[in-house]
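Novice: predicted coordinates and the sequence they were generated for:
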Amino acid sequence: MLSDVVTSEGHRKMFAEKKPNNPIEVLVCSSTWPNLVANPNAKMPPEMKVYTTEFEHFYKQLPMYQSKVLAWILSEGKGEMFAHFAKMKYILDVKTYQISILLRFNENSEYTYEKLKELTGINDDILNEYLKVFTVQVPLMKRSPNAKKVIDWN
């Protein structure tokens, strides 16, 4: 595992030199890492796809990795998002699944629970957890009375 971290750091530096405008930083782990399970239903946010595709192209051109398969473990990622609420600007430090949920609200201000689930591919347990964070702990969204519909982006 330590060798994965060291190797990934070298890849990160090479990738940053080739694609200086690409904001992602990738840690490539072998399949032997414990607790890393890809969610095959999770959908990469379209806004991030261009960046991940650039990394995949870069990675596949490295001689010893041409036949390797990359699987994005979205549950393990994190990032910063810029958000505007009530004329204030914020930087949110959030997990990739949270990014996936929040970015959908750039397209529409209202979603049903099922539609968010469909758009993100996030399973019920995790989606419920993050929607609870967004509606109760850090209220960015309002819930409808039936608690299955997220409405009105503040």
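Specialist: Thanks, I have the structure now.

Novice: tell me who's in contact with the residue nearest the centre of the chain.
Specialist: For the chain, the residue nearest the mean C-alpha position is residue 96 (2.4 Å; CA atoms, centre = their mean). Going by CB atoms under 8 Å, 6 or more residues apart in numbering, residue 96 touches 45, 48, 74-79. All C-beta spots, glycine's among them, are computed from the backbone N, C-alpha and C.

Novice: for the longest helix along the chain, which outside residues touch it?
Specialist: In the chain, taking DSSP state H as the definition, the longest helix is helix 2-18. Contacts with helix 2-18, where a contact means CB under 8 Å, 6+ apart, come from 22, 25-30, 33, 55, 58-59, 62.

Novice: all strands for this protein, in order.
Specialist: 78-85, 88-95, 111-112, 141-143, 149-153 (DSSP state E).

Novice: which of these has the lowest mean pLDDT?
Specialist: If you rank those by mean pLDDT, strand 149-153 sits at the bottom with a mean of 42.

Novice: before we move on, back to that, buried subset of the contacts of helix 2-18 as a PyMOL selection?
Specialist: PyMOL command restricting the contacts of helix 2-18 to the buried ones, with burial defined by 16 or more other CB atoms under 10 Å:
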select buried, resi 22+26+29+55+58+59
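
Novice: can I assume residue 78 is in contact with residue 100?
Specialist: No. If you go by CB atoms under 8 Å, residue 78 and residue 100 don't touch, sitting 11.9 Å apart.

Novice: these two - which one has more neighbours?
Specialist: residue 100 (26 against 11; other CB atoms under 10 Å).

Novice: so the more buried one sits against residue 47, correct?
Specialist: No. Using CB under 8 Å, residue 100 makes no contact with residue 47, being 9.3 Å away.

Novice: give me every residue that touches residue 73.
Specialist: By CB under 8 Å, 6+ apart, the residues touching residue 73 are 29, 36-39.

Novice: of all these, which comes closest to residue 110?
Specialist: Relative to residue 110, the closest of these is residue 39; by CB to CB it sits at 25.4 Å.

Novice: residues contacting that closest one?
Specialist: Applying CB under 8 Å, 6+ apart to residue 39 gives the contacts 73-75, 121-123.

Novice: buried residues in stretch 30-44?
Specialist: Residues of stretch 30-44 classed as buried under the neighbour-count rule (16+ other CB under 10 Å) are 39, 42, 44.
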